[in-house]
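Participant: turn this into a structure:
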Amino acid sequence: TPCTGSRIGACYCKMLESSELPDCFYSSSQPILVRPSSPTPNHSLYLSNLDDQKFLRFSIKYLYLFKKSVSVATLKCSLARVLVDYYPLAGRLRNSPEYDQKLEVDCNGEGAVFAEAFMDITAEEFSCTFRQAKQVMEEALVQA
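Facilitator: Presented below is the predicted three-dimensional model:
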């Protein structure tokens, strides 16, 4: 039977109501930190004046959906390797001790937040639901 909803590629995807979504299960009670796979420089980097505006001080959350099963160990290993070259992403934002109200990145290699979760739903079904209601993703994301 044909399903109703939006067109994705060559097929239609049924729109699910947020109340129809299965529960989201996290593999552990808290997210973990993935550290760079090898030592990285330890120093501070000031944000540019453009990046350091008060109205831009918010966090950005990402949710990656994979159509095929991807090994969590592979994802963690790849993230650890990428953080070597992009080591500021493994650091932390902090207020500059030298300049009042200026932010800097403390390149300390603490690591990037990683959370693993599962839902009994396909990536396509979840994407359709997300297009319909942005709130679904916000409820599913880990508060990091």
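Participant: find the residue at the geometric middle of the protein.
Facilitator: By C-alpha atoms, centre = their mean, the chain has its centre lying nearest to Tyr62, at 2.8 Å.
Participant: could you report the pLDDT at that residue?
Facilitator: If you check Tyr62, the pLDDT there is 74.
Participant: try Lys54
Facilitator: 81.
Participant: any chance you could list what contacts the longest helix along the chain?
Facilitator: Longest helix in the chain, counting residues (DSSP state H): helix 72-85. Helix 72-85 is contacted by residues 27, 34-38, 40, 89-90, 109, 111-112, 114, 116 when judged by C-beta atoms under 8 Å, 6 or more residues apart in numbering. For glycine as for every other residue, the C-beta is placed from the backbone atoms N, C-alpha and C.
Participant: okay, now the unreliable bits of this structure?
Facilitator: 1-20, 28-29, 130-144 (pLDDT under 70).
Participant: any idea how it splits into domains?
Facilitator: Domain segmentation of the chain under automatic domain parsing yields 1-22+115-144, 32-114.
Participant: endpoint to endpoint, the longest one covers what distance?
Facilitator: Using C-alpha to C-alpha, to the nearest Å, the span of domain 32-114 from its first residue to its last is 5 Å.
Participant: hang on, the earlier thing: for the contacts of helix 72-85, which one is nearest Asp51?
Facilitator: Leu89 (13.9 Å; C-beta to C-beta).
Participant: hang on, the closest one packs against Ala112?
Facilitator: Yes: counting by C-beta atoms under 8 Å, Leu89 does reach Ala112; the two are 6.0 Å apart.
Participant: and those two? Which one has more around it.
Facilitator: Legend: neighbour count by other C-beta atoms under 10 Å for Leu89 and Ala112, higher for Ala112 (20 against 14).
Participant: Val105 in helix, strand or coil?
Facilitator: With DSSP: H, G, I helix; E, B strand; the rest coil as the basis, Val105 sits in strand.
Participant: what sits closest to Arg94 if chain neighbours are left out?
Facilitator: Asp106 (5.1 Å; C-beta to C-beta, 6 or more residues apart in numbering).
Participant: what is the neighbour count of that neighbour?
Facilitator: Neighbours of Asp106 using other C-beta under 10 Å come to 16.
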